[in-house]
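Peer 1: structure, please.
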Amino acid sequence: MLEEIRQQPAALERTLNFELRRIGRLRSAIEKKRPRLIVLAARGTSDNAALFGRYLLEIATGIPVALSAPSVLTLYGADMELSDALVVALSQSGESTDTNFVLERARELGAMTAGVTNEAKSAMARIAEFPFLVRAGREQSVAATKTYTGQLLTLYLIAYALGAPIDPDDLRRIPEWVDEALKLEPEIGEISGRYRFMDHAVVVGRGLNYSNAFEFALKLMETCYVVAERFSTADFFHGPIAIVERSFPVFVFAPPGVTWESTRSLLERLRTLKAETLVITDCGHREALAAAPRSIAIPAKIRRSRPLELYTPIPYIVPAQLLAAKLAEQKGLDPDHPRTLEKVTKTR
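Peer 2: Numbering: from 1, shown residues only. Down below sits the predicted model:
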């Protein structure tokens, strides 16, 4: 897991170099017939990437986005009106049976289809009208890391194909920002010792980093066996904050931008509750660093654009991945082979 986390700058650079050249075909098809709806289909870590895609695509293109419930098709056999839709499926292996069924059925129902996978010879790559490859190399660890960030990067490219105001030159900076985040590994190794006996936690993120709250919580659950709940800042105030007491662990993604005011309010409330709070941010966001008792700050000022946190999700998840891997070591666990899990999960 640690080695694959470290491979991410190179994997992201490869993905961008190859897929930016291939995205033109999808862009041309969209110019001829712009979708009125986008549907994202995925499971597990890929579903967390799809959650990011929902925010990114709606914010950047104005097209409504739905997260598919595969059982609507696989179990209930419902017929859906998808003739004006773009259906995007995401799977690391490309062999998720229910996700592939959604993709296959969507083509039959008249949708434009795209697939995002790490495996060129997978069923998904064959089914999708527009396949895109996360060129991360074979992922050995059960806990997905480099394929998650690769999927996020590919979703930026799909947004670009849809006409979103995304500058490819900004995307080319992302591997550099990830490399900066990786320099925090020794510091994060020391921080992880503080949480060695943690068995429950909450992870909070909002907007474009909401998906990272889900992904970090998933990594804590599958590699460290920590019961980790995940919430948006807004939802956390609507009841779940009642579980917080003194020394309760709360991890908060704290980017700049429109989500910062609610995040700051949360940090102030957590301070009064004397929670064990740690924020993930970057060194350019001084307000976040001043508002939290503990922080992991990426030693790079990430490019500010509209919205301000647009390019933060990929570099921000890297410290969380490192923390999960280091915490597993602290607990004497093997994050590469979590109990009862396999790399490819097939559901219906």
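Peer 1: show me the contacts for the nearest residue to Ala60 once chain neighbours are set aside.
Peer 2: Distances taken as Cβ to Cβ, 6 or more residues apart in numbering place Ala164 nearest to Ala60, at 3.5 Å, with adjacent residues excluded. In short, each C-beta sits where N, CA and C put it, glycine included. Applying Cβ atoms under 8 Å, 6 or more residues apart in numbering, we find Ala164 in contact with Leu56, Leu57, Ala60, Thr61.
Peer 1: how about Thr312: what's its closest non-neighbour residue?
Peer 2: Closest residue to Thr312 apart from its sequence neighbours, by Cβ to Cβ, 6+ apart: Pro255 at 4.4 Å.
Peer 1: and if you look at Leu323?
Peer 2: Ile188 (5.3 Å).
Peer 1: and that neighbour, helix, strand or coil?
Peer 2: When classified by DSSP: H, G, I helix; E, B strand; the rest coil, Ile188 comes out as helix.
Peer 1: where does the protein have low pLDDT?
Peer 2: Filtered on pLDDT under 70, the chain yields the residue ranges 340-348.
Peer 1: which element is the residue nearest the centre of it on?
Peer 2: By Cα atoms, centre = their mean, the mean C-alpha position of the chain lies nearest to Ala49, the distance being 4.0 Å. When elements are assigned from DSSP states H and E, Ala49 belongs to helix 44-61.
Peer 1: name the helices or strands packed onto that helix?
Peer 2: Contacts defined by 3 or more Cβ pairs under 8 Å, 6 or more residues apart in numbering; DSSP states H and E place helix 44-61 against strand 37-41, strand 65-67, strand 85-91, helix 146-161, helix 210-224.
Peer 1: and that helix, which residues are buried?
Peer 2: In terms of neighbour count (16 or more other Cβ atoms under 10 Å), helix 44-61 has its buried residues at 44-57, 59-61.
Peer 1: now do stretch 323-333
Peer 2: Leu323, Ala324, Ala325, Lys326, Leu327, Ala328, Glu329, Gln330, Lys331.
Peer 1: count of residues packed around the nearest residue to the second one once chain neighbours are set aside?
Peer 2: Closest residue to Ala324 in three dimensions, ignoring its sequence neighbours and counting by Cβ to Cβ, 6+ apart: Lys219, at 3.8 Å. Summarising burial for Lys219: neighbours were counted as other Cβ atoms under 10 Å, giving 30.
Peer 1: quick one on the thing from earlier: and the helix holding Ala49 with helix 146-161, angle?
Peer 2: 20 degrees (axes from the mean of the first three to the mean of the last three Cα atoms, to 10 degrees).
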